[in-house]
Each structure stands twice: as structure tokens, then as C-alpha cells.
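Novice: Requesting a structural model of the entry that follows:
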Amino acid sequence: MKAEGRRQKAEGGENQKAETGNQKCPSDLSRRFLVSGFWFLVSTPLLLSAFCFLILQCSAHPRDQREHLEFWALGSEGELVAKLIPEFERRNPAIHVVIQQIPWNAAHEKLLTAYVGEATPDVSLMGNTWMPEFVAIRALDDLGALAASPTVKQDDYFPGVWATNVVGGTLYGIPWYVDTRVLFYRSDILAAVGFPHGPRTWAEWRQAMTRIHEQGRCKWAILIPTNEYEPMTVLALSAHSTLLTPDGTRGAFAQPQFADAFNFYVSFFSNGFAPKVSNSQIANLYQQFAQGDFAMYITGPWNVGEFRRRLPPEMQDKWATAPLPAHDAGEPTGISMAGGGSLVVFRASKHKAAARKLIEFLSEPAQQVRFYELTGDLPARRSAWLSPVLANDTRFLAFRVQFERVAPLPKVPEWEQIATAIYDRGEAAARGTVTPSVALTQLDARADELLEKRRWMLTRSHGLSVARSRGGDFAHTQMGVADAALTPRAWRILTGSRGGDFAHTQIEVADAALTPRAFSPRGFLRGEKVPKADEGGAYAVCAIYRRSEIAPSSACRHLLPRKNPRGRRALDVREWQEVQHRETAQPRDRATAIRDRETAQ
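Specialist: Model prediction:
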């Protein structure tokens, strides 16, 4: 009890002290109020000043309201073209060009990746040999309107170079700079054997090499690396070979024109005029040229600058360039390949008007000359070659002449693979592994193999050319050839059908194989409404994928009933593949195979 009383008394005393300590005298409260008020009065003007300062800063740096144009430039051009852009932006103050520099060795993959990811630039530089591939996937915009522009004048461009940008009759690019192959030669050695200006025909070329070889003027008359397809290709073009058949579906290498060029090429090695070496086996090209290891070499304009830099001073007046020798005396020169880079606008660009303005600006002759001075890239326009900086350069005169006689390479996406096969079989024949006739047969077989898919697509989509087909309006207006695979029977029926009814009423589902890419970019598989004229093609896709693992979109659920209109169940993906495999083995019995398959179900 006493302990409890002491505890309560102690707690009571502590509570009393706490209450006393918590009390504030009036003077303390007044003092704190005055201090707070003082700091409020002092800090308010400072806060207001800071706020005003921020407003002034924001107004001094307004948001960039210009139209941003994304331009992908490849290689060193990406760095140097930036020096031309300030003048363009001065003329077009509402446009701001954003340049992205991409290495050439990564450019092709990056452009394809950008297309798949729907992240393409507005404008891009593109190698001429890539054009058919990007046209095939419908990545590029039609630039036909620029051909009539007062700035871009088609007749001021070299015809063969312009043609590289035309695919299927449509213009997809504007040449920016050009290159080709000509003959570099030791002028002192060629003069000693009777050809001071270089050989003019194949006959003179053979004669010059024979004299050099017999007189021992050089170790080798000519250097042609066996792992390059370009020398053999320009010989074939000079012999008027088309390389592929006119429709681009098979090789034309066993035909007389290419065979003539191929045999001429192989004779360089069999006669001892050229060493059987690849690029990797050449120690120092420029040193070997200077010391007389070889007298001639087929190469491009970039080597003009390299020869000037790398050859010793005493050699600078002992080398020259010449157009390729003509196949016969009735022609001014041989025919070389049209190379270089072109400016393209991607179909997905939201700034197409600004993109065309940039292309027009970079196409001006004055800008092309300036670009040549910065990069060494040769202008694509004839008028730019009138500039003294080019007209007075004797080493580039051969290129100017040759550009009037260049031809585009075959406009098929598979060309680069075919080009690899060309030098592969050429090297085999040069080294004596196979005979020229066998090499040509193998080359045709390889080209036919690479072009098999192209033949398949063209064969099954030939109905796209039926302009009067109403039921095929979808294919005519929205789809590329690669997106449509209808059997001949289906197209015959289609020519008499109307609107989108063909798949519902007259053509069996298995006769229409339309790829998902034909629809997905336009939102079909995301449920967007399908136009009436497209319902036939949409139905075919829905039917094929109905029982696959891909869940049908709302559009498919709207279009696709439980059974197709003919009362037969739609084929699923596995069954469709089986039918395709059977049709491949027996192409003429496809309709029968399909009917048998559905009847069995």
C-alpha cells in the first residue's frame, strides 16, 4: 500500500511538471509570430522573383515548333551532308532536319528492322541494288511526281542510273550520287605496247594483254580478284546479256551473250594474263600497281583519290582511266553497271511534303557539286559535271563518258545472292575446277533455285493483271503480288464475280491464300472494319486461321460463320499446309486434291 501510494504520488508530480512545461507564456508566442511574419515578408519577394525569372526563361526559349524531318544517311555521307543542311533550313525555316548516321555494313539490316518495327525514317539514302527488295515489301513511297519537278529534271540524269530507281514502272528513288566501274591502267606500259589511251574493244584488249605478257612488261597484264562479281558482270552487260530472263524468274547465264563474256573472263586466267588470287591474297594493291606487278585493273571512282594518295609522286603521270572496252568496234564503249545511292521516302512517313523538299534541295546541281567536294561522291546529274572541279579532272573524264553507257542490275530482291553465285562459279572455272560450260549450267541452276519463290508467287498471282476483275479490287488496290496466292481456277472464276462475294459464293476457301501481312498493317487483325470489296479476301484469311492457335479478331468473328457458305468446314493451318504440299508435288491436280480433302472431312 505504501509503495502504491508513493508510485501514484510520483506519477502525479511528473504529470504536474509536464503540464507546467507545456504551457507557453504570451511573450514567447508573440516572439515566434513576429519571427515567422518577418521571414514571410522577406521570402515572398524572393519567391516572386524566382517565379518571374522562370517565366522569362521559358519565354526566352520557346518550344521548337518546326516540323522535324528524320533523315538517315549511310556511311561517311551522314557526317558530311550535315554541312549542307543549314542552307536548306534557312530556305525552309519551318523544317528541321534530324540526321542519323548509320554505317554501311549495318544499314541494310537496320532499315529492314525499322520497317518491321514501324519506325522508318522520313527520308533515307539507299543503295541502288536494295531498291527492289524494299519495293517488294511495300516500304517505299511513289516519287513519280518529283520527275516533273522544275528542280528534279529526269532528262538531266544519266538514263541507266535513273532506271535503277524504277521498279515495275514506278519511280521510288531519286539518284543522289553515282558510281560505276572503268579501266584503270598504267599509261606508260600500255603506250609501250601500242595503246596509249587504253584498249577500245575486246579485240584490242586481248591484243594488249598478249603483248604485255609476251614482252614481259608486267608480271601480269591485268588484276581481276576471283571473289568479285563486278568484273564478270560488266563483261556480260557489254556483251548485251540480260543476266536473268525478262520476267526475272530464271537465270540467263547459259545463253550465248553471257557465255561469250564468261569465256572471255576465263581466258584472262587460262592465258596467264591474270593471277588466280582473291582480294585477301593481294598484299598491297597500290604498291603492286606502282612496281609493275599488273598493268590494268577494273574498279570504281573511289580509287581515283586512293591512287593519288598512295602512289608515289613519280607515278602520278603514269596512270590513267578509260571507259570499258566495247564488245566490238560498232559501239562507243562497253556497258558498265549503274551503281551509287538514291534518296527515298518511306511510305509510313508523316512528313512527305517536307521530305520531297529536302530531296529537291539535295538534287540541285550546285548542291551535288558541293557534296562531291565534301565526299568525293560523283554527281548523278549531267549539268553538275559542267563544274570546273569535275570538267577539268582528266581521271574522271572516263567516268563521265561511261555513265552514258551503264545499265541497272536485275531488279529482284535475290540479286545479291545471285551475284555471289556468279563469282563463285567464275572462280571455279578460272581455277580449272570445272569447265566453263558446267559452271554456266550450275549457275543457272543456282539462280533458278534462288528465284523459285518468285516464280511461285508470280504464277499464283497472275490474275492481278486482270484489270476488269471487280472481285479482285482488293488485290488491285491494296495488296502487292507477294500477298496474293490464288489458283488459276480461282482467278478465272473471279473475273466474273462482284465485290467481295467471290470467297463466299464461288471460290472455295482453300483456293485463296492471302498472307496476314496483307491485312495486319491496315489493322484488319486488330478488329478494324473491313470494306465491303475486301470481305472476300478477308474471309479467306479468317477461314485459314479459324482453327489455328491464332485467336480470330472481332473482324473475323463478324465475317466467319461456323461453317463456310458452301457448307464445308474451313481448313485449319495444318490441313492447309498438307494441301499445299500435295499441290507442290502435283500442281495440276490441286483443285481435285482440295475437293477430295474436303469431301473426306
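Novice: Show me what the mean pLDDT comes to for the helix or strand where residue 306 lies.
Specialist: With elements delineated by DSSP states H and E, residue 306 resides in helix 302-310, which encompasses its position. For helix 302-310, mean pLDDT is 95.
Novice: What of stretch 114-133?
Specialist: 91.
Novice: Using PDB, write down the CA coordinates of that stretch.
Specialist: The C-alpha trace of stretch 114-133 is given here as PDB (Å, rounded to 0.1, in the frame of the first residue of the first chain):
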ATOM      1  CA  ALA A 114      12.900  -0.300 -88.800                       C
ATOM      2  CA  TYR A 115      10.300  -1.300 -91.400                       C
ATOM      3  CA  VAL A 116       9.200  -4.300 -89.400                       C
ATOM      4  CA  GLY A 117       9.000  -2.200 -86.200                       C
ATOM      5  CA  GLU A 118       7.100   0.600 -88.000                       C
ATOM      6  CA  ALA A 119      10.000   3.000 -87.100                       C
ATOM      7  CA  THR A 120      11.200   4.000 -90.500                       C
ATOM      8  CA  PRO A 121      12.700   7.500 -91.200                       C
ATOM      9  CA  ASP A 122      11.100  10.000 -93.400                       C
ATOM     10  CA  VAL A 123      14.000  10.100 -95.900                       C
ATOM     11  CA  SER A 124      16.900   7.800 -96.300                       C
ATOM     12  CA  LEU A 125      19.900   7.100 -98.500                       C
ATOM     13  CA  MET A 126      19.600   3.700-100.100                       C
ATOM     14  CA  GLY A 127      21.900   1.600-102.200                       C
ATOM     15  CA  ASN A 128      20.500   1.100-105.700                       C
ATOM     16  CA  THR A 129      20.700  -2.700-105.500                       C
ATOM     17  CA  TRP A 130      18.400  -2.700-102.400                       C
ATOM     18  CA  MET A 131      15.600  -0.900-104.100                       C
ATOM     19  CA  PRO A 132      13.800  -4.000-105.500                       C
ATOM     20  CA  GLU A 133      13.800  -5.600-102.000                       C
END
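Novice: For residue 132, which non-adjacent residue is closest in space?
Specialist: residue 411 (4.2 Å; C-beta to C-beta, 6 or more residues apart in numbering). Using the backbone N, CA and C atoms, a C-beta is placed for each residue, glycine as well.
Novice: what number of residues lie near the one you found?
Specialist: Here the count is done by other C-beta atoms under 10 Å, and residue 411 has 21 residues near it.
Novice: ok, so what distance separates it from residue 163?
Specialist: 9 Å (C-beta to C-beta, to the nearest Å).
Novice: Contact partners for the residue nearest to residue 132?
Specialist: Residues counted as contacts of residue 411 (C-beta atoms under 8 Å, 6 or more residues apart in numbering) are 131-132, 164, 167, 248.
Novice: So which of those is the closest to residue 210?
Specialist: residue 164 (35.9 Å; C-beta to C-beta).
Novice: so which strand or helix has residue 196?
Specialist: Here residue 196 is assigned to no helix or strand, by DSSP H and E.
Novice: Any chance of the backbone angles for it?
Specialist: For residue 196, the backbone dihedrals (degrees, to the nearest 10) come out as phi -60, psi -20.
Novice: If you count neighbours, what's buried in the helix holding residue 306?
Specialist: Residues 303-304, 307 are the ones in helix 302-310 that count as buried (16 or more other C-beta atoms under 10 Å).
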